[in-house]
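> Build me a model from this:
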Amino acid sequence: MAADARSPRVLLLTSGPLDVGDGEEAELALSLAQAMPEVDHFWFKRGRNGPAAAWRGRSVPKVSRNGAPGLPERLQLAAVGARLARRADLVHAVLSISPGFPAFSRLWLPLLHGRPVLHTVPGVSDPALLARSRPLGPTVALSEVTARALGAAGFGKVPVIGPMIEPDEWQLRPRSVREPPIVLATAHHDPGGGAYEAIGAAAVAARAGARFQLILAVQGRPGQRVDPLEQALRARAAQEGLHASEVLGSVEDLPGLLAVSDIVLHLPRALGGRPDVPFTVLKALATGRPVILSDLPQFAPLKDAVVRAAAADAHRTGHLLLQLLDRPWWWEKLAEHGRATVEERFGPEQFRSGYAALYRSLLA
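Predicted coordinates for the structure are as follows:
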């Protein structure tokens, strides 16, 4: 990519350290480093060991007590990132546009002294933030909805490059023979994060005669007190008659959980800055698990690889769940189509080619 013999040096800039590995920004940055081994990458880490010894480049310690992107971490991100950027040929920022981004975009750009920047926006927590934000450089979105919003806010022409799923890491699995079948609901503890919507839909399906166990895998944000939130979910599930339900926090073995699950529910009413294309949903599709997904416009890239329903419509969603459990032919059709969609539209080649072209243009 670079004009001379050495590999280009690219600083991967995320709001949290990459060795934590539980954030969508970090996961997207990991995908970039894995897909482009010819590039020497820099990245922030929290511990002494880097996230992947096979990467070219080096990691830089980042002072953080818990990995959360609070104000001290963002100030450090600006200061240390600007200093490292001077030793890089390109800065690739993988940052959602959240409440701290407008100030960051105005503070950071003057410190770079003209260093080229590519910005991938996983999501936007509030469209009103765009009017107060400055483009860091050429910008990439994960969905057409966000690309149009960024373009209208003065970010220029914004290409869309979806996230990458490595098919070999998320292999197609046969349908579980476990009885009763497991319905896995992925959600967040944020308001409208999809947990209560999944309980409501599951209750409709159960009252209509469906037999299954509901498992809720619900993520919290840094700083949230998740114990009382999880207790409230268990109480609501019991109130709805779903007494065998289980509420999980962080999932240590997502491939194993998907392997024993039959169907995945992901029913947020709002993303709150989460990625426009949910990584867990893509992993479920790659595994061959049909997904019932809320009808947010950001989810449009998944088209008919998923079953769409309004998150607020528990009756319709519950009956779709009942039908998927009772119709093996429909389950198999969706499982095959979901896997094919991930391979064709979210595989390594598409991801790599899109970013390689942008890197070439910025490194020329």
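> Let me know the pLDDT of Leu77.
Predicted confidence (pLDDT) for Leu77: 65.
> for the one 5 residues further on, same thing?
The model reports Ala82 with a pLDDT of 72.
> give me the element it is part of.
Per DSSP states H and E, Ala82 falls inside helix 71-85.
> Could you please name the strands the helix or strand following that helix pairs with and the direction of each pair?
Downstream of helix 71-85, the first helix or strand assigned by DSSP H and E is strand 90-94. The pairing partners recorded for strand 90-94 under DSSP bridges are strand 9-13 (parallel), strand 117-121 (parallel).
> if you average pLDDT over the helix or strand following strand 90-94, what comes out?
Remark: after strand 90-94, the chain's next helix or strand is helix 101-108, criterion DSSP H and E. The pLDDT scores in helix 101-108 average 87.
> Same question for stretch 292-311.
The model assigns stretch 292-311 a mean pLDDT of 93.
> Next, the distance between the ends of that stretch.
10 Å (C-alpha to C-alpha, to the nearest Å).
> I'd like the distance from it to the chain centre, please.
Chain-centre distance of stretch 292-311: 15 Å, with C-alpha atoms, centre = their mean, to the nearest Å.
> Give me the buried positions along it.
292-294, 296, 298-299, 301-302, 305-309, 311 (16 or more other C-beta atoms under 10 Å). Yep, even glycine has a C-beta here, placed from its N, CA and C like the rest.
> for the stretch 51-200 of the chain, what spans make up the strands?
57-61, 90-94, 117-121, 139-141, 182-188 (DSSP state E, counting those that start in this stretch).
> Now find how far off-centre stretch 218-228 is within its chain.
Centroid separation between stretch 218-228 and its chain, computed with C-alpha atoms, centre = their mean, is 17 Å.
> Low-confidence regions, the protein specifically.
For the chain, residues meeting the criterion pLDDT under 70 lie at 1-5, 17, 19-22, 45-81.
> contacting residues around the helix ranked longest in it?
Secondary structure of the chain per DSSP state H: the longest helix is helix 328-345. By C-beta atoms under 8 Å, 6 or more residues apart in numbering, the surrounding residues in contact with helix 328-345 are 162, 165, 167, 170, 172, 175, 262-263, 282, 284-291, 301-307, 323-325.
> How far does it sit from its chain's centre?
Worked out by C-alpha atoms, centre = their mean, helix 328-345 lies 20 Å from the chain centre.
> Name the residues of that helix that are buried.
331, 334-335, 337-339, 341-343, 345.
> Can you name the element that comes right after that helix?
Remark: after helix 328-345, the chain's next helix or strand is helix 348-363, criterion DSSP H and E.
> how about that following helix as PDB, C-alpha atoms only?
Extracted C-alpha coordinates of helix 348-363, given in PDB (Å, rounded to 0.1, in the frame of the first residue of the first chain):
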ATOM      1  CA  PRO A 348     -13.500 -11.300   5.100                       C
ATOM      2  CA  GLU A 349     -13.100 -10.600   1.400                       C
ATOM      3  CA  GLN A 350     -15.800  -7.900   1.200                       C
ATOM      4  CA  PHE A 351     -14.600  -6.300   4.400                       C
ATOM      5  CA  ARG A 352     -11.000  -6.300   3.400                       C
ATOM      6  CA  SER A 353     -11.500  -5.000  -0.200                       C
ATOM      7  CA  GLY A 354     -13.600  -2.100   1.000                       C
ATOM      8  CA  TYR A 355     -11.000  -0.900   3.600                       C
ATOM      9  CA  ALA A 356      -8.000  -1.700   1.500                       C
ATOM     10  CA  ALA A 357      -9.200   0.700  -1.200                       C
ATOM     11  CA  LEU A 358      -9.700   3.400   1.400                       C
ATOM     12  CA  TYR A 359      -6.300   2.800   2.900                       C
ATOM     13  CA  ARG A 360      -4.600   3.000  -0.600                       C
ATOM     14  CA  SER A 361      -6.300   6.300  -1.300                       C
ATOM     15  CA  LEU A 362      -5.300   7.800   2.000                       C
ATOM     16  CA  LEU A 363      -1.700   6.400   2.000                       C
END
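> That's all I had, so thanks and see you.
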